[in-house]
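J.: can't give you the sequence, but here's the structure:
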């Protein structure tokens with residue numbers, strides 16, 4: 001599994017020491033069966049009553065989330081980082097759609113709710129809306145945290161998400177016209193999304209873009225269409241039960257904060273927003289990285305104490 005993958009290992013040396021996996025914070029790798037798929041999970045078990053589940057976005061995988069997970073592990077929480085189908089080492093034999101992502105996320109949350117006293121969900125990039133949709137199904141979670149939350153129904157969001165304005169305006173329309181057998185074809189993610197803005201650090205970007213289990217992989221047209229044509233399970237003005245924290249990168253060259261605010265500002269639940277200074281879409285830059293870690297820790301601790 002990830003012992004045979006070098007990309008995440010190369011990334012480690014480019015991260016601050018506090019965000020690197022060490023002998024005391026190495027995840028346990030396991031598979032869980034969900035809807036005829038074998039979902040690979042990195043699990044950091046602290047025997048805690050608080051579990052944090054982190055979802056990656058398009059071009060990510062669970063192991064790349066270790067920079068995000070390690071500070072939470074060292075704070076004493078259980079942390080779960082799944083490889084969503086299509087990425088990492090998860091195995092499947094069917095045509096995966098965005099609904100499968102929601103179903104996988106929901107089943108993992110359901111399992112953890114049966115074991116843990118409190119469950120928090122985190123979503124990075126496109127994982128933000130995924131985490132939101134999972135929270136729509138499980139409004140008994142303790143809190144929701146996102147770095148971005150992108151409503152693909154908005155043309156402005158599609159323009160920023162796509163590789164260029166032409167792809168955003170006409171590409172999806174063209175792909176929607178394709179017959180079903182052609183939609184099974186896979187295309188490199190870099191052909192349709194602005195992957196060059198994934199992270200502002202060029203050295204880290206080069207590592208991520210060559211990772212065949214993440215940003216260097218391909219995506220099926222069928223999955224891309226299901227993602228771009230999706231609608232939130234609950235409209236934001238009816239999302240009221242789950243507290244939400246948005247820790248948005250302040251120097252996000254892919255999806256700037258105003259793109260996420262289009263959806264976030266409509267949410268009627270108890271919500272908070274923290275802008276991460278100097279941080280890019282993959283928020284590894286300081287001081288934003290530490291600001292994010294502190295904001296998440298304070299959010300979890302405050303809700304955990306008030307919900308007891």
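T.: In hand now; what should we look at? Being a predicted model, the structure only gives us computed values, none of them experimental. Numbering: from 1, shown residues only.

J.: hey, which helix or strand in the chain has the poorest pLDDT?
T.: Here the helix or strand of the chain ranked lowest by mean pLDDT, DSSP states H and E is helix 165-166, holding a mean of 50.

J.: Run through the strands of this structure in chain order.
T.: Per DSSP state E, the chain carries strands over the ranges 28-34, 37-44, 50-55, 78-82, 118-123, 143-146, 186-188, 218-220, 244-249, 271-276.

J.: Just tell me which of those ends up closest to residue 105.
T.: Smallest distance to residue 105 across those (Cβ to Cβ): 6.0 Å, for strand 50-55. Just so you know, the C-beta spots here come from the backbone N, C-alpha and C atoms, and that holds for glycine as well.

J.: packing partners for that closest one?
T.: For strand 50-55, the packing partners by 3 or more Cβ pairs under 8 Å, 6 or more residues apart in numbering; DSSP states H and E come out as helix 66-74, strand 78-82, helix 98-113, strand 118-123, helix 127-137, helix 288-306.

J.: Quick one, which of those gets closest to residue 277.
T.: Nearest of those to residue 277, taken as Cβ to Cβ: helix 288-306 at 5.0 Å.

J.: can you tell me the average pLDDT over that closest one?
T.: The average pLDDT within helix 288-306 is 96.

J.: just the angle between that helix and strand 244-249, please?
T.: Per axes from the mean of the first three to the mean of the last three Cα atoms, to 10 degrees, the angle that helix 288-306 makes with strand 244-249 is 170 degrees.

J.: got a list of what the closest residue to residue 56 other than its chain neighbours touches?
T.: With sequence-adjacent residues excluded and distances taken as Cβ to Cβ, 6 or more residues apart in numbering, residue 56 is closest to residue 127, at 5.2 Å. Residues near residue 127 by Cβ atoms under 8 Å, 6 or more residues apart in numbering: 54-57, 60, 146.

J.: If we use 6 Å, what do you get?
T.: Applying Cβ atoms under 6 Å, 6 or more residues apart in numbering, we find residue 127 in contact with 55-57.

J.: Please apply the same query to residue 267.
T.: Applying Cβ under 6 Å, 6+ apart to residue 267 gives the contacts 236, 239.

J.: Could you identify which of the strands of the chain has the lowest mean pLDDT?
T.: Of all those, strand 186-188 has the smallest average pLDDT, which comes to a mean of 82.

J.: Distance from the chain centre to it, please.
T.: Centroid displacement of strand 186-188 relative to its chain, using Cα atoms, centre = their mean, to the nearest Å, is 20 Å.

J.: residues near residue 230, how many?
T.: 19 (other Cβ atoms under 10 Å).

J.: so it touches residue 98, yeah?
T.: Yes - here residue 230 lies in contact with residue 98, judged by Cβ atoms under 6 Å, at a distance of 5.1 Å.

J.: Fine by me, we can end here.
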